[in-house]
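give me the fold of what follows.
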Amino acid sequence: MDKNLLRYGRDQARKGASAESLRFKLLQAGWSDAKIDEVIKEVYIVDSTRRTVFSTIAVLFVVLFVVVMVYAFLLPNSGLQPSPKTNVNPTPIVQSCASMSSDLAKDSCYQKEVDAGFDCTTLTSETEKAFCYRALDNKLTS
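Numbering: from 1, shown residues only. Coordinates of the predicted model:
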């Protein structure tokens, strides 16, 4: 295809010329029907299809971005951000407090941990959770 002819067709389309008016101008200039059909197909069908595909992809990326931003900022406990004061490894605390023989010693141990920000939900033992929540209740009521 003649690059100058294609450039002329795209320029006319950008200026708002319809396919029919472009056909008429090119026929007057002496171009063959086959060449004119190629230019019109490229300018008015292929180029517009490319723009449509690009626009669709751009809209999808914008929607995806908005969804991710909503998920990240409006739902702070959604998993993208760590919850505050979450103990990553509760095992040493459970071992130290659970190994205490008296309930009073366990209460004191868990009270120190809760005061330091320990998260009782990380415990798996129901017995140890009870001690931890009792310490949390004590902290909240004092």
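
how does this protein divide into domains?
Annotated domains of the chain cover 3-74, 91-141 [automatic domain parsing].

hey, C-alpha coordinates of the helix or strand hosting residue 34 in CSV?
If you go by DSSP states H and E, residue 34 is part of helix 33-40. What follows is helix 33-40, C-alpha atoms only, in CSV (Å, rounded to 0.1, in the frame of the first residue of the first chain):
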residue,chain,number,x,y,z
ASP,A,33,-11.0,1.5,-6.7
ALA,A,34,-8.8,-1.3,-5.3
LYS,A,35,-6.3,1.2,-3.8
ILE,A,36,-9.1,3.4,-2.4
ASP,A,37,-10.8,0.3,-0.8
GLU,A,38,-7.4,-0.6,0.9
VAL,A,39,-7.0,2.9,2.3
ILE,A,40,-10.6,3.1,3.5
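
please state the offset of it from the chain centre?
Chain-centre distance of helix 33-40: 45 Å, with CA atoms, centre = their mean, to the nearest Å.

now swap in stretch 5-13 and tell me
40 Å.

residues making contact with it?
21, 22, 25, 26, 31, 35, 39, 40, 42, 43, 44, 47 (CB atoms under 8 Å, 6 or more residues apart in numbering). Glycine gets a C-beta too; all of them are placed from N, C-alpha and C.

top of those by neighbour count?
residue 39 (24 neighbours; other CB atoms under 10 Å).

let's have the contacts of stretch 5-13 in CSV, adding pLDDT.
Shown next, in CSV, are the contacts of stretch 5-13 (pLDDT from 0 to 100):
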residue, pLDDT
21, 93
22, 91
25, 93
26, 92
31, 92
35, 93
39, 90
40, 88
42, 87
43, 86
44, 82
47, 70
